[in-house]
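Visitor: Sequence below, structure please.
(chains A and B)
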Protein chains: 2
Amino acid sequence: MNIIEKTVKSKNLYNGKIVKLDIETVLLPNGNITEREIIRHPGAVAILPIDSNENIYFIKQFRKAINDILIEIPAGKLEIGEEPYKCALRELQEEIGYTSNKLTLINTIYTSPGFADEIIYIYKAEELVKSQLKKDEDEFIDICIFHKSQVFDMIKNGEIKDAKTIVALLTAFKL
Amino acid sequence: MNIIEKTVKSKNLYNGKIVKLDIETVLLPNGNITEREIIRHPGAVAILPIDSNENIYFIKQFRKAINDILIEIPAGKLEIGEEPYKCALRELQEEIGYTSNKLTLINTIYTSPGFADEIIYIYKAEELVKSQLKKDEDEFIDICIFHKSQVFDMIKNGEIKDAKTIVALLTAFKL
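Guide: Next up, the predicted model:
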């Protein structure tokens, strides 16, 4: 079955620091016309930092969208033209103050394909080397460390609720 | 460390069929003021339908946001005031034409907490009973069935790239 939707018209309604909002008028396979609300996002990386004792570095961060503090792995948006692995090394340093000599792409996901184009490149970072913490002055995060043996229960009991963090942990250790 | 951001002002910029866009002016822990772009979404359910032979029902759907066809588990937005498990049964019928006598909440995730409040309740649906397909005339989806033994390779090789689908499969079978 042909299930492609062809764009007839595209209108940008908002152009922000992080997201853009486009309204696309599309031609459906049955000939009908409808509109799609699409959030454009630059894409991101997420990094699962694991030391030689199988300790994993997380960050606790207040997320205004949900008005709550989440436990997540380090992550950040791609800058224009930035290679994902370079972004991963940058965010690792900015958020937990480490660099990695063994960075491996372990998964690539679409987080909300129903309304957003955000793609996240997920890396595993091993052979960690202490570096300088280069914090953004307006970014407020707490670093927290959990052993590999703890994290699966934290997913089960809802302490870890962030999709990219769950995908990273289960891809790295269970797939 | 106090990492909460207090809302000083909130402005709605767009109010669509699926998403809303709010700009919240927030007071940071260091006393600075900044703006957060927040996509409001009604929340959703996703359902992993598994029959007695360990076949899993997926849908192939064109996603305009990424201009590509994705393999996903059945899913859909919550209607106003709708209980997640009722929404799960409704979407199961609308998208694959089955109902379930054993519906279990297996995980709850935030898909993009950096910019959106979308929450997805993920159910496992067993004891499937053939029902009537109640398709929306403007929804174009193909049903496809893969055995449990196939799906982990499909995640590894990138055939399955949708975050909620990966979380559902790994939670149900590997956690």
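Visitor: Return the residues in contact with the spatially closest residue to A:Asn2 that is not a sequence neighbour.
Guide: What sits nearest to A:Asn2 in space, not counting adjacent residues and going by C-beta to C-beta, 6 or more residues apart in numbering or on different chains, is A:Pro29, at 5.0 Å. Every C-beta, even on glycine, is put in place using the N, C-alpha and C of the backbone. Going by C-beta atoms under 8 Å, 6 or more residues apart in numbering or on different chains, A:Pro29 touches A:Met1, A:Asn2, A:Ile3, A:Ile4, A:Glu5, B:Phe140.
Visitor: doesn't B:Phe62 make contact with the fourth one?
Guide: Yes: using C-beta atoms under 8 Å, A:Ile4 makes contact with B:Phe62 at a distance of 5.5 Å.
Visitor: intersection of neighbour lists for those two?
Guide: B:Ile69.
Visitor: re earlier: can you check my assumption that the residue nearest to A:Asn2 lies in a strand?
Guide: No: counting by DSSP: H, G, I helix; E, B strand; the rest coil, A:Pro29 is located in no strand; its state is coil.
Visitor: Distance of it relative to A:Val8?
Guide: Between A:Pro29 and A:Val8 the distance is 14 Å, computed by C-beta to C-beta, to the nearest Å.
Visitor: which sections of chain A are below the confidence cut-off?
Guide: Within chain A, the set of residues satisfying pLDDT under 70 comprises A:1.
Visitor: tell me the domain ranges of it?
Guide: For chain A, whose domains are defined here by automatic domain parsing, the residue ranges read A:6-40, A:44-174.
Visitor: just the ones you listed: most buried one?
Guide: A comparison of the domains of chain A by mean neighbour count, using mean count of other C-beta atoms under 10 Å in any protein chain shown, puts domain A:44-174 on top with a mean of 19.
Visitor: Can you give me the first-to-last residue distance of that one?
Guide: 23 Å (C-alpha to C-alpha, to the nearest Å).
Visitor: now swap in stretch A:11-24 and tell me
Guide: Between the opening and closing residues of stretch A:11-24 we find a distance of 6 Å, counting by C-alpha to C-alpha.
Visitor: cool, stretch A:131-149 as well?
Guide: Across its full length, stretch A:131-149 reaches 26 Å between end residues, using C-alpha to C-alpha.
Visitor: Which residues does it contact?
Guide: A:50, A:53-62, A:71, A:93-99, A:154, A:173, B:1, B:3, B:5, B:28-30, B:32, B:34.
Visitor: how about a cut-off of 7 Å?
Guide: Residues external to stretch A:131-149 that are found in contact with it (C-beta atoms under 7 Å, 6 or more residues apart in numbering or on different chains): A:54-62, A:71, A:93-99, A:154, A:173, B:1, B:3, B:28-30, B:32, B:34.
Visitor: Next step: those residues restricted to strands.
Guide: Helix and strand membership here follows DSSP state E; of the contacts of stretch A:131-149, those in strands are A:Asn55, A:Ile56, A:Tyr57, A:Phe58, A:Ile59, A:Lys60, A:Gln61, A:Phe62, A:Ile71, A:Tyr98, A:Thr99, B:Thr34.
Visitor: The second one and A:Cys87, how far apart?
Guide: Going from A:Ile56 to A:Cys87 by C-beta to C-beta gives 20 Å.
Visitor: Same check on the fourth one?
Guide: When distances are taken as C-beta to C-beta, A:Phe58 and A:Cys87 turn out to be 19 Å apart.
Visitor: swap in the fifth one?
Guide: Using C-beta to C-beta, we find A:Ile59 at a distance of 16 Å from A:Cys87.
Visitor: what does the last one give?
Guide: Applying C-beta to C-beta, one obtains 22 Å for the distance of B:Thr34 from A:Cys87.
Visitor: likewise the first one?
Guide: With the distance defined as C-beta to C-beta, A:Asn55 ends up 23 Å from A:Cys87.
Visitor: In CSV: the domains of chain A, plus distance to B:Gly43.
Guide: Written out in CSV, the entries for those read as follows (distance: least, C-beta to C-beta, whole Å):
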stretch, distance to B:Gly43
domain A:6-40, 16
domain A:44-174, 11
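Visitor: Confirm that A:Ser149 lies within a helix, as I assumed.
Guide: Yes: with the criterion set as three-state DSSP, the secondary structure at A:Ser149 is a helix.
Visitor: what secondary structure does A:Leu12 sit in?
Guide: No, residue A:12 isn't Leu; it's Asn. The local conformation at A:Asn12, judged by three-state DSSP, is strand.
Visitor: wait, doesn't it sit right on A:Glu24?
Guide: No: proximity of A:Asn12 to A:Glu24 does not meet the contact threshold set by C-beta atoms under 7 Å, at 10.1 Å.
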